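*Asks:* sharing a sequence plus its predicted fold:
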Amino acid sequence: MAADIKQVKALGLCSGGLDSILAALVLRNQGIAVEWITFETPFFSADKARRAARLNDIPITVKRILPAYLKMLKNPPAGYGKQMNPCMDCHALMFRLAGKEMQARGFDFLFSGEVSGQRPMSQNKNSLRYVEKNSGFDGFIVRPLSAQNLPVTQPEIEGLVDRERLLNLSGRSRKPQMELAARWGVTDFPSPAGGCLLTEKGYAARLRDLFAHQETSRDAEFFLLSHGRHLRLNADHKLIVGRSKVENQRIEALIDPAVDTVFRVKGYPGPVALVPNACDGETARQAAAICAGYSKAPVDEIAEVLVIRGDLKKVLTVMPIAPRENRSLLL
């Protein structure tokens, strides 16, 4: 009786986009057991990957990696893109972490949906090679959509994957992927745009400011960078002011009452304002006046602002500072 043949297992990085889905299906159509791994930080979510896994019946592991990611983000060897996006070192880190999971769980190789030449800076052949060399798993990363345009990998040499049944996609056109999706009945997938806050100009500017003024930050402080107006009051403090009811709610959800200082104008509709961490009396008075200036309180009358930190509450009487006077403080 012939011995049982061990099924080949591959672990893929998943963004949740069409390329990730197609890469997994190319391998699964060869009889390879595919699973995904995806990573979460305050800068990018795993929601799309979770949805793709559910729709395509592919097991997925989600890992939060903020400490390791921050270490890389503050000093990426390959530098940044247009904003604070360290794309090549980000991909190398993800493959490094995925590779450890591969080893621990007995997968045979790694894969991704990267397409050679799709992104001129981060997915040209030199960039793909940089990522592989710096991942620690050189030779064990298969890119099924572009494999025939790239060097032969160890899994192909060992016969774990059939190179002839891999693809040769390249360039920025999405037409081949769309045709393949239609052929395989893949109809539900997100658009390829967006997803990483580090590529956004406004978010990147606020993140640079945070790194410049704080050695360490709480997770909530990275999420707060997406909400409200941010004003740098001094080297130790900044003020975050909600711009709408929805933003007020989002800021409120991120408050740590044990350490954050919250400002609310009494008697008039207005924003939730927040100074992350404690602040001194002079800073609190400035923050209260700015908060009042963004409320419906009359700009030429003294306003009362409730200041809350944990169980401590006090009321400051201040003259509102008009928003036009704060422009130099805005981040």
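*Replies:* Great, that's in hand. Numbers count the residues shown, from 1 in each chain.
*Asks:* Arg64 and Phe43 touch, don't they?
*Replies:* No - the pair Arg64 / Phe43 is not scored as a contact, 11.7 Å apart, by C-beta atoms under 8 Å. In this view, the C-beta of every residue, glycine as well, is placed from N, C-alpha and C.
*Asks:* so the two - more neighbours on which side?
*Replies:* Phe43 (24 against 13; other C-beta atoms under 10 Å).
*Asks:* report the contact partners of Pro67.
*Replies:* By C-beta atoms under 8 Å, 6 or more residues apart in numbering, the contact set of Pro67 is empty.
*Asks:* with just CA atoms, put the strand or helix carrying it into CSV.
*Replies:* When elements are assigned from DSSP states H and E, Pro67 belongs to helix 66-73. The C-alpha atoms that make up helix 66-73 are tabulated as CSV, following Å, rounded to 0.1, in the frame of the first residue of the first chain:
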residue,chain,number,x,y,z
LEU,A,66,2.5,47.6,17.0
PRO,A,67,5.7,47.3,19.1
ALA,A,68,7.7,45.6,16.3
TYR,A,69,6.2,47.9,13.7
LEU,A,70,7.0,51.1,15.6
LYS,A,71,10.6,50.0,16.0
MET,A,72,10.9,49.7,12.2
LEU,A,73,8.7,52.7,11.4
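*Asks:* could I get the buried residue list for it?
*Replies:* Neighbour-count burial for helix 66-73 flags 66, 68-70, 72-73 (criterion: 16 or more other C-beta atoms under 10 Å).
*Asks:* now it, how far from the centre of its chain.
*Replies:* Centre-to-centre, helix 66-73 and its host chain are 12 Å apart (C-alpha atoms, centre = their mean, to the nearest Å).
*Asks:* mind listing what's buried along the helix or strand that it is followed by?
*Replies:* Sequence-wise, the next helix or strand downstream of helix 66-73 (DSSP H and E) is helix 87-105. Across helix 87-105, burial judged by 16+ other C-beta under 10 Å covers 87-99, 102.
*Asks:* residues contacting the residue sitting nearest the centre point of the chain?
*Replies:* Nearest to the geometric centre of the chain sits Phe44, at 1.7 Å (C-alpha atoms, centre = their mean). By C-beta under 8 Å, 6+ apart, the contact list for Phe44 reads 195-198.
*Asks:* what lies in contact with stretch 266-274?
*Replies:* Against stretch 266-274 from outside (C-beta under 8 Å, 6+ apart): 224, 228, 239-243, 247-248, 251-252, 255, 260-265, 287, 290-292, 294-297, 303-306, 315.
*Asks:* just the endpoints, please. Distance across it?
*Replies:* From its first residue to its last, stretch 266-274 covers 15 Å (C-alpha to C-alpha, to the nearest Å).
*Asks:* any idea how far the nearest residue to Ile308 once chain neighbours are set aside is from His237?
*Replies:* Excluding the flanking residues, the one nearest Ile308 by C-beta to C-beta, 6 or more residues apart in numbering is Val262, at 4.5 Å. In this structure, Val262 and His237 are 14 Å apart, going by C-beta to C-beta, to the nearest Å.
*Asks:* let me know the closest of the contacts of Phe44 to Gln7.
*Replies:* Gly195 (32.1 Å; C-beta to C-beta).
*Asks:* how deep is that closest one tucked in, by neighbour count?
*Replies:* So Gly195, with other C-beta under 10 Å, has 17 neighbours.
*Asks:* ok, Ser295 next?
*Replies:* 22.
*Asks:* which one is it nearest to, not counting chain neighbours?
*Replies:* Gly270 (2.7 Å).
*Asks:* now the one you found: which helix or strand?
*Replies:* Going by DSSP H and E, Gly270 is not in any helix or strand.
*Asks:* and it, what pLDDT?
*Replies:* Per-residue pLDDT puts Gly270 at 95.
*Asks:* what does Pro120 give?
*Replies:* 60.
*Asks:* do Phe189 as well
*Replies:* At Phe189, pLDDT is 87.
*Asks:* for it, what are its contacts?
*Replies:* 16-18, 21, 52, 181.
*Asks:* what's the PyMOL syntax to select whichever of those are buried?
*Replies:* The PyMOL command for the buried members of the contacts of Phe189 (criterion: 16+ other C-beta under 10 Å) is given here:
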select buried, resi 16+17+18+21+52+181
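*Asks:* now go through the contacts of Phe189 and say which are in helices.
*Replies:* 18, 21, 52, 181 (DSSP state H).
*Asks:* farthest-separated two in these?
*Replies:* Ala52 and Ala181 (12.3 Å).
*Asks:* how close does Ile60 sit to Ser20?
*Replies:* From Ile60 to Ser20 the distance is 10 Å (C-beta to C-beta).
*Asks:* quick one: common contacting residues for these two?
*Replies:* When contacts are counted by C-beta under 8 Å, 6+ apart, Ile60 and Ser20 are jointly contacted by 14, 36, 49.
*Asks:* of those, closest to Leu145?
*Replies:* Checking the shared contacts of Ile60 and Ser20 one by one against Leu145 (C-beta to C-beta), the nearest turns out to be Cys14, at 13.6 Å.
*Asks:* quick one: contacts for the closest one?
*Replies:* 20, 24, 36-38, 49, 52-53, 58, 60, 113.
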